[in-house]
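Colleague: Sequence plus the predicted model coming up.
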Amino acid sequence: MRFFLFRRTLLVFALSLAAAAQAFAADSYRIIHAYPHDQQAFTQGLVYVEGHLYESTGLYGRSSLRMEDVTTGRILKFRPVPNNEFGEGLTNWDNTLIQLTWKAHTALVYDRSTFRFLRSMHYSGEGWGLTQNGKELILSDGTATLRFLYPATFHEVRRITVTDHGKPVTQLNELEWVHGEIYANVWHSNRIARISPVNGKVLGWIDLTGLLPASQLSGPEAVLNGIAYDAAKNRLFVTGKLWPKLFEIQVVPGHAHLVPIRRHK
């Protein structure tokens, strides 16, 4: 009897270890290309549309909307955001670009080809990240909640709570829709969460530790933030706030290793 109890104990222990490893397992990455990026850009939103990279930058008095050439990093079009507003997440919808603001509760809508301001739309709470799934806009506000919004009015359609093994994942920041999943930067973390749009469960993590050498980081706020996906060519781009480079990466299944996440703003 003791022998069977011992075997059972070993089995339970092994299963617990396997579950723990799975809980913290993360995919890694391979750098395909590294491109120049404006190191003065406090990147808050990033989207790739029809051959061009569009970027929303933050900070009061320095926020902007930009169209950039991926290969050279050259700014092809630039529009400043009013000094009293802090630029945040960005996505495209039809022929427009929609840019969030942090605390102004206002989304700014522009003509994508001319950057002409068209209108503003109101939302409650803070604005952090923004993406779209072809039907709805998806907004993050720094909590574990993602809101799905009707693009024409910003009225809420539904919401999900993002969890990893039952625990809420907060500090969700810049968003991107990739292969039917929501990719989300976790603020002050080197990880990207892959989130189910149906139930909010984290399907996996992408660990980008070491992507930009620490010697090239200009300060504590120069953190990973910015995901753009080129669906036509299946290319994934990532960058960070105040980073001198934009990276095209390939996600590579990898072994588990822990990456700490700061839980406060």
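Modeller: That came through fine. Numbers count the residues shown, from 1 in each chain.
Colleague: ranges for the helices of the protein?
Modeller: Here the chain has its helices, by DSSP state H, at 2-24.
Colleague: shaky segments in it?
Modeller: 1-24, 255-265 (pLDDT under 70).
Colleague: burial count for Ser218?
Modeller: 12 (other CB atoms under 10 Å). No exception for glycine: its C-beta is placed from N, CA and C like everyone else's.
Colleague: swap that for Trp93, sorry
Modeller: For Trp93, using other CB under 10 Å, the count is 16.
Colleague: Likewise for Asn92?
Modeller: 17.
Colleague: is it true that it touches Arg112?
Modeller: Yes: if you go by CB atoms under 8 Å, Asn92 and Arg112 touch, sitting 6.4 Å apart.
Colleague: Can you check which residues contact both of those two?
Modeller: Val49, Tyr54 (CB atoms under 8 Å, 6 or more residues apart in numbering).
Colleague: what bridges to Asp111?
Modeller: Thr96 (DSSP bridges).
Colleague: Asn95 is in contact with that one, correct?
Modeller: Yes: taking contacts as CB under 8 Å, Asp111 lies within contact range of Asn95: 6.7 Å.
Colleague: For Val238, see how far away Gln250 is.
Modeller: 11 Å (CB to CB, to the nearest Å).
Colleague: give the contact list for the nearest residue to Gly89 once chain neighbours are set aside.
Modeller: Of all residues not flanking Gly89 in the chain, Leu130 sits nearest, at 3.4 Å (CB to CB, 6 or more residues apart in numbering). Counting by CB under 8 Å, 6+ apart, Leu130 touches 45, 88-91, 98-100, 107, 137-140, 175.
Colleague: Kindly check the end-to-end length of stretch 219-228 for me.
Modeller: 23 Å (CA to CA, to the nearest Å).
Colleague: same question, stretch 74-90
Modeller: End-to-end distance (CA to CA), stretch 74-90: 19 Å.
Colleague: try stretch 156-171
Modeller: End residues of stretch 156-171 are separated by 20 Å (CA to CA).
Colleague: Please work out which residues outside it touch it.
Modeller: Here stretch 156-171 has contacts from 23, 136, 142-150, 172, 184, 186-189, 193, 195, 197-202, 261-263, 265, using CB under 8 Å, 6+ apart.
Colleague: in that stretch, what's buried?
Modeller: Ile160, Val162, Thr163, Asp164, Val169, Thr170, Gln171 (16 or more other CB atoms under 10 Å).
Colleague: Dig out what the fourth one forms beta bridges with.
Modeller: Going back to what we said before, that points to Asp164. Where Asp164 sits in a bridge, its partners, by DSSP bridges, are Lys167.
Colleague: And Gln250 and Val238? Which one has more around it.
Modeller: More neighbours surround Val238 than the other of Gln250 and Val238, with 29 against 12 (other CB under 10 Å).
Colleague: now that one, which residues is it bridged with?
Modeller: Beta-bridge partners, per DSSP bridges, of Val238: Ile227, Phe247.
Colleague: Thanks a lot, see you next time.
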